[in-house]
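[1] Below: sequence and its predicted model.
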Amino acid sequence: MIGTGDRGGSPMNASVRTKQANADSRVPAGTEKVHLHVQQLSLRQQMERNHFLLERLNASSARLIQSLENEDAFEAVAEIIGNLIGSEEVAIFDYCPADETFPLAWSWGVEPADMELFKSGAGMFGRAVSQGTSQFRERHPEQDLLPFEKHLTACVLLKSSHEVVGIIAIFGLLPQKNRLEWADYELLKFLETYATVAIQFQRLQKKRVAP
């Protein structure tokens, strides 16, 4: 038996409810403009941030290419870190896989004697090699750091064909900078490969001209 009752209400009432729902869901024109403006600002910030990074990468690449002629790859790496990352305390270590040690190759702004404890590969140095990724102090709990690592900001792997050949150790940052930022991490990824290329090129060049 087909019922004669109006289960959903009269057509007129349904129409009124639909119009009211549409009115309630409609975004005021002013609010929509604000939302669009926020979206535009976000997209603009993304573009400006990317442009800023590309400028830094271009400057770093140009300095490393210059180092091929000047034979000052270590100094070039230190300049890039000093000017673009914000640290004037840098040491570069080789990696010897046979005994898993890190002989000091070059340093700037730190005393070579203070680097002795890092040569054994303890702490972040060892983790960088075993995990195959650069290590950063701010990503490790304070209790996991060895006493001599407290002043260490980053261990940047130097890699050639996915093999670790050394580490760039970055110590204290400049006073006006209290932490690494997004663009710094991206630049350090660039140095993982291309600082390695510049250093290896310099060493091969010296072997070629050696008597």
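    On my side now, so go ahead. Not measured: the values here are computed from a predicted model.

[2] outside of stretch 118-133, which residues touch it?
    91, 93, 95, 100-104, 134-135, 137, 140, 145-146, 148-149, 152, 155, 157, 162, 164, 167, 169 (C-beta atoms under 8 Å, 6 or more residues apart in numbering). The C-beta positions use only the backbone N, C-alpha and C, and glycine is treated the same way.

[3] Low-confidence stretches in this protein?
    Applying pLDDT under 70 to the chain flags the ranges 1-29.

[4] redo that, cut-off 80
    Within the chain, the stretches with pLDDT under 80 are 1-30, 35, 37-42, 44-46, 209-211.

[5] for the spatially most central residue of it, what are its contacts?
    Closest residue to the average C-alpha location of the chain: Tyr185 at 1.1 Å, with C-alpha atoms, centre = their mean. Contacts for Tyr185 (C-beta under 8 Å, 6+ apart) come out as Phe136.

[6] That one belongs to a helix, doesn't it?
    Yes. If the criterion is DSSP: H, G, I helix; E, B strand; the rest coil, then Tyr185 is within a helix.

[7] Now do the strands in this structure.
    Using DSSP state E, the strands of the chain run over 90-94, 104-108, 135-136, 154-160, 163-170.

[8] Including distance to Lys33, could those go into CSV?
    Output for the strands of the chain, formatted as CSV (distance: least, C-beta to C-beta, whole Å):
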stretch, distance to Lys33
strand 90-94, 49
strand 104-108, 53
strand 135-136, 41
strand 154-160, 44
strand 163-170, 45
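
[9] longest helix of this protein?
    Secondary structure of the chain per DSSP state H: the longest helix is helix 29-70.

[10] Give the other helices and strands that that one contacts.
    When contacts are defined as 3 or more C-beta pairs under 8 Å, 6 or more residues apart in numbering; DSSP states H and E, helix 29-70 sits against helix 73-80, helix 182-209.

[11] Name the stretch among those that sits most buried.
    Highest mean neighbour count of the helices and strands packed on helix 29-70: helix 73-80, a mean of 22 (counted as mean count of other C-beta atoms under 10 Å).

[12] how far off helix 182-209 does that one point, in degrees?
    Counting by axes from the mean of the first three to the mean of the last three C-alpha atoms, to 10 degrees, helix 73-80 lies at 160 degrees to helix 182-209.

[13] rewinding a little: buried ones among the contacts of stretch 118-133?
    Buried by 16 or more other C-beta atoms under 10 Å: 91, 93, 95, 102, 104, 134-135, 137, 149, 152, 155, 157, 164, 167, 169, out of the contacts of stretch 118-133.

[14] Trp182: what's it in contact with?
    Trp182 makes contact with Arg49, according to C-beta under 8 Å, 6+ apart.

[15] same thing but 6 Å
    Not one residue lies near Trp182 by C-beta atoms under 6 Å, 6 or more residues apart in numbering.

[16] quick one: it from Phe52, how far?
    Going from Trp182 to Phe52 by C-beta to C-beta, to the nearest Å gives 10 Å.

[17] same question, Ala154
    Ala154 is 20 Å from Phe52, where distance means C-beta to C-beta.

[18] These two: who's more crowded?
    The residue with more neighbours, out of Ala154 and Phe52, is Ala154; 25 against 12, by other C-beta atoms under 10 Å.

[19] you'd agree that one is up against His140?
    No. Ala154 is not in contact with His140 according to C-beta atoms under 6 Å; the separation is 11.0 Å.
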